[in-house]
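Engineer: model this:
(2 chains)
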Amino acid sequence: MNINADKELWEDFLNGEDYALSHIYYQHVQGLYRYGKKFSNDDELIKDTIQDLFFDLIRTRKNLHGTNNIGFYLIASFRRKLATSIRKSKVFSGTTDEEYFQAEIVYSVEKELIDKEELTEREQLLQAGFNELAPKQREILYYRYICEFSYDQICEITSLKYDSARKQVFRALKSLRKAVEGKSSIVFFLSFCAKEILFPKKS
Amino acid sequence: MDKKYLKYGLEDFLEDKQFVAWILKGHQNEEWNTFLHDYSELQSKVNTAKEIVLLLKDRYDILDEEEVLLMWHNIDRFNRSYKNRARTIHLRRTITIAASVLIVISLGIFGYSYLNNRNLEYQFASSDIPNSTENARLVLSDGEEIDLENDKSTISIDDKEKITINDESVIDLSENEEMDADDTKMNEVIVPYGKSSELLLADGTKVWLNAGSRLAFPTKFTKSTREVYLEGEACFKVTKNESQPFIVNANDIGVKVLGTYFDVSAYPNDEHIETILVEGSVVVGKKTAFGISKNNVELKPYQKATFNKEENDIVVAEEPNADVYLAWTEGWFEFSQQNLDNVLTKLERYYNVKLVVPEDFNTNRKITGKLDLKDSLDDVLKALSDVAKMDYRIDGSKVFITNKMEEIPMK
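Structural biologist: The predicted model follows:
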């Protein structure tokens, strides 16, 4: 990502250059939509919220601060707006569930595996690896490897502590690594147990 | 390539921005390839890391081009209207300093935004504006209902709390104890579609109430402000009284004035609430929950403030044809460069009919003209059909509009 280009583009937008608005829109609309889909299946709600996000940008243009990462700025504000819209829509549909706002991120590869009727041994391992990922871990991985955010940015969005965010990523990657390298957690667990039985620790 | 990578473990690669950017976007592709060729011992580590990054790639959920374009149009339109608004207000600020001084001195009239608390919003006692052939009604604050038999009724209230209707019947409220001078008890005039009414309030303020509207007002103005509530369209000629400002509450908008001549159009079905000023000076402000709206605008004569309910902001524009908006008070309907659409909607209200317009009918064309609303609907439509290039057929309470048949050219 060319950081300077983002900074300039944003400044042009703040100065009221029309080209900048359209550039920002076309650069990020798909990313925002895809991100929105992780939280809700309601297409209209996602599109409305994206539109609203841009209305807000236009309205508050004079008071906005500079940024050198437009993508991050948009996702962070979009996430807040999305939480509000989803909560509102849930209130209307009568759901009383407290956990309104949780990303349900299913990675593309995972989806393919779910759709497949028969899985090879390797694919089964992959699926098991994905299954180990908690919702929060999935969300952080999404920011890390799809949005390419830094840990500081991830913490800002998820209000996690730095260490905790790192730990989550570390654990998630470990699960995936095992899957990719062909060691299922069960094998791992068994080998661990076997070691314990065969060579018990001396107390 | 940095030699640090030689010491990297799998996790380190996964945490490395440059590495991820190479996998996802092919950044520095050549450098990476040469580097890995030179240090082939890294190959297996890198491959696993690559595989993990690619596992997380998101490939689905793409918005189609059409939707993307549609949303862009909305955003672009909003951007333009917002910019225009900012420009008009900015322009006006510089001009009005001198002008407002002049007005305050010469007319002694000024106004400022009235910022109302939402909790104080008035609820009309009558449930709805009747859409039928019913007469206009006056509902007194004690619930008594009086039919205003004429199509164009007049009501006047004098300072002795006597109400005169159509210059005939007189109701004396001064001896009614339940209805002693209490501003919180409101009378209502409800004017159905196809009717209109003129009111003279206790302070001498004259109100013309247009079709399909209702107004709530006290018998006597005793509080520090003179407050009325409007739904629909009305024209006000406010009696000057600097110590007791006059306030028109119209949905989300409040207009506070001390004496002036203006028109407020606030039909619930319309997207806009419009305030058109002919004389004096008022400021139109949004009513907010906190009571303060920084977005209020001061109107000068021959300006129009349009509050867009959806976008929730106020646009001010010059309106050299402001008189046109008030023509209905004299039974005229004047319009200048208006969308045919707006003209037809007004006629629908005034004559209480339903206009049926075919899909291919262009209602956006601009027309200018003047119609006498004292004429029958048939006469009015006849006059309109020439200008608007349309044909019509009246069928009971429905009017079917069609494109005018092209005349067959003679050979």
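
Engineer: can you give me the helices in chain A?
Structural biologist: A:3-14, A:18-37, A:43-59, A:70-93, A:108-115, A:121-131, A:135-145, A:151-158, A:162-181, A:185-198 (DSSP state H).

Engineer: average model confidence for the second one?
Structural biologist: What that stands for is helix A:18-37. If you average the pLDDT over helix A:18-37, you get 89.

Engineer: Just send the helices of chain A back as CSV, with distance to chain B and mean neighbour count too.
Structural biologist: For glycine as for every other residue, the C-beta is placed from the backbone atoms N, C-alpha and C. CSV is the format used below for those (distance: least, CB to the nearest CB, whole Å; neighbours: other CB atoms under 10 Å in any protein chain shown):
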stretch, distance to chain B, mean neighbour count
helix A:3-14, 10, 15
helix A:18-37, 4, 18
helix A:43-59, 5, 18
helix A:70-93, 13, 16
helix A:108-115, 4, 14
helix A:121-131, 7, 16
helix A:135-145, 4, 21
helix A:151-158, 9, 17
helix A:162-181, 5, 18
helix A:185-198, 16, 11
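
Engineer: Could I get those helices in TSV, plus columns for distance to B:K3?
Structural biologist: Putting the helices of chain A into TSV (distance: least, CB to CB, whole Å) gives the following:
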stretch	distance to B:K3
helix A:3-14	25
helix A:18-37	35
helix A:43-59	44
helix A:70-93	31
helix A:108-115	33
helix A:121-131	32
helix A:135-145	25
helix A:151-158	25
helix A:162-181	24
helix A:185-198	33
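
Engineer: Quick check: which of those helices is nearest to B:L377?
Structural biologist: Among those, the nearest to B:L377 by CB to CB is helix A:43-59 (40.5 Å).

Engineer: Show me how the chain divides into domains.
Structural biologist: In the absence of a named chain, this looks at chain A. A:3-93, A:108-198 (automatic domain parsing).

Engineer: I was thinking of chain B, sorry if that wasn't clear
Structural biologist: Using automatic domain parsing, chain B is parsed into the domains B:3-55, B:110-322, B:331-403.

Engineer: And the strands in the stretch 1-150 of chain B, which stretches?
Structural biologist: Taking DSSP state E, counting those that start in this stretch as the criterion, the stretch 1-150 of chain B contains strands spanning B:136-139, B:145-148.

Engineer: re earlier: any chance of the domains of chain A in CSV with distance to B:K162 as columns?
Structural biologist: Output for those, formatted as CSV (distance: least, CB to CB, whole Å):
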stretch, distance to B:K162
domain A:3-93, 50
domain A:108-198, 67
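
Engineer: Worst mean pLDDT among these?
Structural biologist: Note on the domains of chain A: lowest mean pLDDT is at domain A:108-198, with a mean of 79.

Engineer: any idea how far it is from the chain center?
Structural biologist: What separates the centre of domain A:108-198 from the centre of its chain is 14 Å, taken as CA atoms, centre = their mean, to the nearest Å.

Engineer: again with stretch B:24-31
Structural biologist: Centroid separation for stretch B:24-31 versus its chain: 54 Å, with CA atoms, centre = their mean.

Engineer: then it to CSV, C-alphas only?
Structural biologist: Extracted in CSV, the C-alpha atoms of stretch B:24-31 (Å, rounded to 0.1, in the frame of the first residue of the first chain):
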residue,chain,number,x,y,z
LEU,B,24,-1.4,-11.2,-1.6
LYS,B,25,-0.4,-8.6,-4.1
GLY,B,26,2.8,-9.8,-5.7
HIS,B,27,4.8,-6.8,-4.3
GLN,B,28,8.5,-7.2,-5.0
ASN,B,29,7.9,-10.5,-6.7
GLU,B,30,11.2,-10.7,-8.5
GLU,B,31,13.2,-9.9,-5.4
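
Engineer: Quick one: mean pLDDT over it.
Structural biologist: In this model, stretch B:24-31 has a mean pLDDT of 85.

Engineer: what sits up against that stretch?
Structural biologist: Residues from elsewhere that reach stretch B:24-31 (CB atoms under 8 Å, 6 or more residues apart in numbering or on different chains): A:Y145, A:E148, B:M1, B:Q18, B:A21, B:W22, B:V53, B:K57.

Engineer: Pick out whichever of the residues you listed sits closest to B:K286.
Structural biologist: Nearest to B:K286 out of the contacts of stretch B:24-31 is A:E148 (CB to CB; 41.4 Å).

Engineer: show me the contacts for the spatially closest residue to the closest one that is not a sequence neighbour.
Structural biologist: Spatial nearest neighbour of A:E148, excluding adjacent residues (CB to CB, 6 or more residues apart in numbering or on different chains): B:V20 at 6.4 Å. Going by CB under 8 Å, 6+ apart, B:V20 touches A:Y145, A:E148, B:L14, B:V53.

Engineer: again, only using 7 Å
Structural biologist: Residues near B:V20 by CB atoms under 7 Å, 6 or more residues apart in numbering or on different chains: A:Y145, A:E148, B:V53.

Engineer: now, which of the residues you listed sits nearest B:S265?
Structural biologist: Of all these, B:S265 sits closest to A:E148, with 52.2 Å by CB to CB.

Engineer: Would you mind saying which of the domains of chain A lies nearest B:S243?
Structural biologist: Between B:S243 and these, the tightest spacing by CB to CB is seen for domain A:3-93, at 38.1 Å.

Engineer: Output the contacts of B:V20 in TSV; the columns should cover distance to B:R226.
Structural biologist: As requested, the contacts of B:V20 are exported to TSV (distance: CB to CB, whole Å):
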residue	distance to B:R226
A:Y145	65
A:E148	62
B:V53	71
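
Engineer: tell me which of these is nearest to B:E144?
Structural biologist: The shortest gap between B:E144 and any of those belongs to A:E148, at 72.3 Å (CB to CB).

Engineer: Grab the longest strand from chain B for me.
Structural biologist: Longest strand in chain B, counting residues (DSSP state E): strand B:226-237.

Engineer: Tell me how far that one lies from the chain's centre.
Structural biologist: Counting by CA atoms, centre = their mean, strand B:226-237 is centred 15 Å from the centre of its parent chain.

Engineer: Wait, B:K374 touches B:E330, no?
Structural biologist: No - under the criterion of CB atoms under 7 Å, B:K374 makes no contact with B:E330, lying 9.7 Å away.

Engineer: what's in contact with stretch B:345-355?
Structural biologist: Identification of contacts with stretch B:345-355 by CB under 7 Å, 6+ apart yields B:192-194, B:211-212, B:333, B:344, B:373, B:377, B:380, B:397-399, B:401.

Engineer: Among those residues, name the buried ones.
Structural biologist: Burial by neighbour count, 16 or more other CB atoms under 10 Å in any protein chain shown: within the contacts of stretch B:345-355 this picks out B:P192, B:Y193, B:G194, B:A211, B:G212, B:F333, B:L344, B:L373, B:L377, B:V380, B:V399, B:I401.

Engineer: In three-state terms, label the fourth one for me.
Structural biologist: Three-state assignment for B:A211 (DSSP: H, G, I helix; E, B strand; the rest coil): coil.

Engineer: I'd like to know how far it sits from A:I46.
Structural biologist: Separation of B:A211 from A:I46 (CB to CB, to the nearest Å) stands at 42 Å.

Engineer: and what of B:D158?
Structural biologist: Counting by CB to CB - B:D158 and A:I46 are separated by 60 Å.

Engineer: now B:A327
Structural biologist: Counting by CB to CB, the gap from B:A327 to A:I46 is 47 Å.

Engineer: just B:V387 next, same as before
Structural biologist: In terms of CB to CB, B:V387 sits 45 Å off from A:I46.

Engineer: Same question for B:K17.
Structural biologist: For B:K17, the distance to A:I46 (CB to CB) stands at 29 Å.

Engineer: Then B:Y8?
Structural biologist: When B:Y8 is compared with A:I46 (using CB to CB), they lie 39 Å apart.

Engineer: re earlier: how about the contacts of stretch B:345-355 in TSV, adding distance to B:F361 and secondary structure?
Structural biologist: What follows is these, written out as TSV (distance: CB to CB, whole Å; DSSP: H, G, I helix; E, B strand; the rest coil):
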residue	distance to B:F361	secondary structure
B:P192	27	coil
B:Y193	22	coil
B:G194	24	coil
B:A211	24	coil
B:G212	23	coil
B:F333	20	strand
B:L344	10	helix
B:L373	23	coil
B:L377	19	helix
B:V380	18	helix
B:S397	20	coil
B:K398	15	strand
B:V399	13	strand
B:I401	6	strand
